[in-house]
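Asks: requesting a structural model of the entry that follows:
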Amino acid sequence: MISIYTQKEQSEEWLRQYRGCLPVFACVLGFTETGLIPGISAAGRTPEDRKYTACADAEFLYYGPEHKAQYPLPPLAAGASPVLISRAVFESLKIPVHLFNAGLPQPPAVPVIDLDGAPAQCLSGGAAMEITTVHHLFKQGLLWGERLAANIQHKYVILGECVVGGTTTALAILTGLGIDAAGKVNSSHPICNHAQKWALVEAGLEKMRGSSRDTEKTLPASLLDPLQLVASVGDPMQVVVAGMAIAASRSCGVMLAGGTQMLAVYALISAIAQAYALSWQPEAVVVGTTRWVAEDPTGATVDLALSLGKGNLTQSGGTPALLATDLSFADSRYPQLRAYEQGFVKEGMGAGAACIAAHLSQDWQQNQLLAAIEAQLERLSTAFN
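Replies: Numbers count the residues shown, from 1 in each chain. Modelled structure (predicted):
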């Protein structure tokens, strides 16, 4: 039920250590105006829908399908929100959920911990966020990572995200950190829109380099400030999760829940720890995702994970351990779930990590996962009819 794609020994040791443990789930919600560009993301049919995707997912995760949502799940071109997967597991296993608002255009209609962040502007402008906001969010991440870890002795924390357009900001961060990531990231589309993403990233990084002072243009890449990079082309979720993971890794296990976006966060962790001389435990951190991401034929997730160990700004963390759930929807009775097998949606809201957690703690197999997820979809479709 769990496949290991990189760092076999570290991954097996991590899984052994946390078998039988129930995690705590922290989900960091953020927003970038990059997600409003037509065609950039399939997480909501229109740009207007995508403004509310994070609020809708948070509401469903927290309250479930019977709740009359202020922000209903947005219509998708195909597929169903990955929050159905996360909710199915967390509800069944009674896993505690903490929601963090790192910077949304409007407050979600659920109890959240507000980190006083701000939404990011489109990364193509090279000035996505104020540097003061980035420093503040990073400190909040460190603080909450420590708090979450303090309450769960010897267990692990799952750090998830919801940022529409986040694979594009991930590409910008990875590229800015010197990782060869072009053409390797994933998307919610069945065929990744690599050219569109790359054009935005190139524009943003070009503007960032142009706006830094002339003296800095000649600085070697090793002196790049990773927090400044986030301020230029990132999104508010990235530094919060990086801070949380750094702090939590010192005393418990950490699973970064996601694909491309969490590989970018892992790269950031390595670069920030190196630039600011912060201690963390790379062996305590793994990246957990879905098979649809790990084996996405239009991305190169495993290759991307391996390239992190080679980057001069990210080598301190080495190559991240990449795991994925083997969950399949091929036999689902719902076309919205079968769409995942055609490459739609793939991951989000900690879906892959939730399935890994179900297998680790309760030894759930494919049939149990599928039944629980289909039950959520059935309840959703009958709730208000």
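Asks: and H98, how many neighbours?
Replies: By other C-beta atoms under 10 Å, 16 other residues sit near H98. All C-beta spots, glycine's among them, are computed from the backbone N, C-alpha and C.
Asks: tell me the spacing between it and P111.
Replies: Plainly put, H98 is 9 Å away from P111 if you go by C-beta to C-beta, to the nearest Å.
Asks: would you map the helices across the stretch 101-250 of the chain?
Replies: Applying DSSP state H, counting those that start in this stretch to the stretch 101-250 of the chain gives helices spanning 131-150, 166-176, 194-211, 214-217, 226-233, 236-249.
Asks: helix, strand, or coil at the nearest residue to L306 once chain neighbours are set aside?
Replies: Leaving out its chain neighbours, the residue that sits closest to L306 by C-beta to C-beta, 6 or more residues apart in numbering is T319, at 5.6 Å. Assigned state for T319: coil (three-state reduction, DSSP: H, G, I helix; E, B strand; the rest coil).
Asks: how about the contacts made by T319?
Replies: 6-7, 305-306, 308-309 (C-beta atoms under 8 Å, 6 or more residues apart in numbering).
Asks: dump those residues to JSON lines, plus pLDDT, secondary structure and neighbour count.
Replies: Output for the contacts of T319, formatted as JSON lines (pLDDT from 0 to 100; DSSP: H, G, I helix; E, B strand; the rest coil; neighbours: other C-beta atoms under 10 Å):
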{"residue": "T6", "pLDDT": "98", "secondary structure": "coil", "neighbour count": "22"}
{"residue": "Q7", "pLDDT": "98", "secondary structure": "coil", "neighbour count": "23"}
{"residue": "A305", "pLDDT": "98", "secondary structure": "helix", "neighbour count": "25"}
{"residue": "L306", "pLDDT": "97", "secondary structure": "helix", "neighbour count": "16"}
{"residue": "L308", "pLDDT": "96", "secondary structure": "helix", "neighbour count": "26"}
{"residue": "G309", "pLDDT": "93", "secondary structure": "coil", "neighbour count": "16"}
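Asks: weakest of the helices of the stretch 101-250 of the chain in terms of mean pLDDT?
Replies: Among the helices of the stretch 101-250 of the chain, helix 214-217 carries the lowest mean pLDDT, a mean of 46.
Asks: so which helix or strand of this protein has the lowest pLDDT on average?
Replies: helix 214-217 (a mean of 46; mean pLDDT, DSSP states H and E).
Asks: so how far is G318 from the closest residue to S328 other than its chain neighbours?
Replies: Leaving out its chain neighbours, the residue that sits closest to S328 by C-beta to C-beta, 6+ apart is Q366, at 6.5 Å. Distance, Q366 to G318, by C-beta to C-beta: 32 Å.
Asks: next one: A248
Replies: The gap separating A248 from G318 is 18 Å, by C-beta to C-beta.
Asks: the two: which has the busier surroundings?
Replies: A248 (30 against 17).
Asks: and that one, what does it touch?
Replies: 145-146, 148-149, 157, 159, 254.
Asks: how far away is N151 from C252?
Replies: To C252, N151 is 10 Å away according to C-beta to C-beta.
Asks: those two: who's more crowded?
Replies: A direct count of neighbours by other C-beta under 10 Å for N151 and C252 places C252 higher, at 24 against 11.
Asks: where do the strands of the stretch 1-150 of the chain begin and end?
Replies: 2-4, 24-30, 97-103, 113-114 (DSSP state E, counting those that start in this stretch).
Asks: adding mean pLDDT and distance to G125, write these out as CSV.
Replies: Converted to CSV, the strands of the stretch 1-150 of the chain look like this (pLDDT from 0 to 100; distance: least, C-beta to C-beta, whole Å):
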stretch, mean pLDDT, distance to G125
strand 2-4, 98, 39
strand 24-30, 98, 17
strand 97-103, 98, 16
strand 113-114, 98, 26
